[in-house]
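Chemist: Provide a 3D model corresponding to the input given below.
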Amino acid sequence: MQLITLNEFEINEATSKAINALLQKNFTEVDYHGRDYFKQLPHYRILAKIEEELVGQLAIDYRAMKLNGRPITVFGVIDLCVDPTQQGKGIGTKLLLEFEKLAQQNKAKIDFLFLVTDEPAYYERLGYTAKKLTVTWLKIDQHNNYGLGTEKIDDAAFMVKAIGNKTWDDGELDMLGYMY
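Modeler: The predicted structure follows:
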């Protein structure tokens, strides 16, 4: 298996179509309308290929947020997915480890790894911690802006892993943008 890290500008049309197909296989409840992203374009991607076939991807968002009134920088996981026929073979873990390696190489500019999931146990095995938060975010759906939302989210887990030496306490998170 080959892992390829690209910035979003390097994604060609064929790769974009392959990413769209992979996302549709994994997130069947979402209509991507041919896009290779859910709500907003990522900054980077890590692609997993076996021979020339795309079997996994991890999209990355690099962003400033505000946690309990103080600014933080996060390296966020968006749309981690593995082809259903390849799941259970460690591809997702390899993508996450490559993501962490990239973060460590740039740790002077990153405070935390961050993601939102409904499968927290998987990430806890990799050292992530679930946090209880009241979250403010920009509500975006299908390229429409519905304003800001603020609420305590209980139906998803906010997972973090420190890269720098800051601590993440439960409380209030302003995502300063859309929700992953």
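Chemist: What pairs with the longest strand along the chain, parallel or antiparallel?
Modeler: Secondary structure of the chain per DSSP state E: the longest strand is strand 53-67. Strand 53-67 has its sheet partners listed here by DSSP bridges as strand 44-50 (antiparallel), strand 70-82 (antiparallel), strand 171-178 (antiparallel).
Chemist: CSV please, covering these and showing distance to Asp31, mean neighbour count and mean pLDDT.
Modeler: The C-beta positions use only the backbone N, C-alpha and C, and glycine is treated the same way. CSV is the format used below for the strands paired with strand 53-67 (distance: least, CB to CB, whole Å; neighbours: other CB atoms under 10 Å; pLDDT from 0 to 100):
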stretch, distance to Asp31, mean neighbour count, mean pLDDT
strand 44-50, 21, 20, 98
strand 70-82, 14, 20, 96
strand 171-178, 18, 18, 97
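Chemist: Including distance to Gly34, could those go into TSV?
Modeler: As requested, those are arranged in TSV below (distance: least, CB to CB, whole Å):
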stretch	distance to Gly34
strand 44-50	17
strand 70-82	15
strand 171-178	20
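Chemist: Lys161: which of the ones you listed is closest?
Modeler: Closest to Lys161 of those is strand 70-82 (CB to CB; 9.6 Å).
Chemist: Give me the angle between the next helix or strand after that closest one and strand 44-50.
Modeler: Counting by DSSP states H and E, the next helix or strand C-terminal to strand 70-82 is helix 91-105. Here helix 91-105 runs at an angle of 140 degrees relative to strand 44-50 (axes from the mean of the first three to the mean of the last three CA atoms, to 10 degrees).
Chemist: chain center to the helix or strand following helix 91-105, what's the gap?
Modeler: Using DSSP H and E, the helix or strand that directly follows helix 91-105 along the chain is strand 112-117. Computed by CA atoms, centre = their mean, to the nearest Å, the separation of strand 112-117 from the middle of its chain amounts to 7 Å.
Chemist: Tell me which other helices or strands strand 112-117 touches.
Modeler: strand 70-82, helix 91-105, strand 157-162 (3 or more CB pairs under 8 Å, 6 or more residues apart in numbering; DSSP states H and E).
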